[in-house]
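# Let me see the structure of the following:
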Amino acid sequence: MALWRAYQRALAAHPWKVQVLTAGSLMGLGDIISQQLVERRGLQEHQRGRTLTMVSLGCGFVGPVVGGWYKVLDRFIPGTTKVDALKKMLLDQGGFAPCFLGCFLPLVGALNGLSAQDNWAKLQRDYPDALITNYYVGRCPMCCCYLELLPVLEGTSALSLPHSIVSTLQ
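Purely as a prediction, here's the structure:
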């Protein structure tokens, strides 16, 4: 828990930097897990460049964009009631997620060396499945989490949500 408290202090002191570094770290860790546990590449066959690309995407795109979006969302819907949280989730999933995926997928394609034509074809092919998967995998559990924890989280902003959830579960 000391590590978590240190993270929270750093987040309070330098929210933008910590959010960007967290996004990059999580995306890099996700790629390592994918290569080692899912693809079973082993350390010799690990694609370090791919992991660095994911870290760069996290720090250079995902962290700033998502962090900025949550700040806008908290200003646009400043309340902390259950209804406010539902409004935020609906706006996030109905407005932001489709736009974000529409930017993220072509950026990944470009970083992977796809031509504009191939990237467009890949986006048309993959976008619907990616968006639907986002709704099922990313939001159904979060919706359940919101509904279960909302009474405890009254007065909590979206930026402090991870800390609130952890302190609630202790």
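# any low-confidence regions in this structure?
Where the chain drops to pLDDT under 70, the residues are 138-170.
# quick one, helices of it?
Counting by DSSP state H, residue ranges of the helices within the chain are 2-13, 15-33, 48-57, 63-76, 82-91, 97-111, 116-133, 140-149, 161-169.
# Report how many residues lie close to V20.
V20 is surrounded by 20 other residues when neighbours are defined as other Cβ atoms under 10 Å. In this view, the C-beta of every residue, glycine as well, is placed from N, C-alpha and C.
# Contact partners for it?
When the contact criterion is Cβ atoms under 8 Å, 6 or more residues apart in numbering, the partners of V20 are G58, C59, G63, P64, G67.
# show me the contacts for the first one.
What it means is G58. Taking Cβ under 8 Å, 6+ apart as the criterion, G58 is in contact with V20, A23, G24, S25, L26, M27, G28.
# quick check, nearest of the residues you listed to D129?
M27 (19.9 Å; Cβ to Cβ).
# Let me see the contact set for the closest one.
Neighbouring residues of M27 by Cβ under 8 Å, 6+ apart: M54, V55, L57, G58, V62.
# which of these has the most neighbours?
When neighbours are taken as other Cβ under 10 Å, the top entry among these is G58 (24 neighbours).
# T22 versus that one, what's the distance?
G58 is 8 Å from T22, where distance means Cβ to Cβ, to the nearest Å.
# Quick check: can you list the domain ranges of the protein?
The domain map for the chain lists 7-63, 77-157, with the assignment taken from the TED database.
# Need the ones you listed in JSON lines (columns: distance to M1).
Converted to JSON lines, those look like this (distance: least, Cβ to Cβ, whole Å):
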{"stretch": "domain 7-63", "distance to M1": "10"}
{"stretch": "domain 77-157", "distance to M1": "19"}
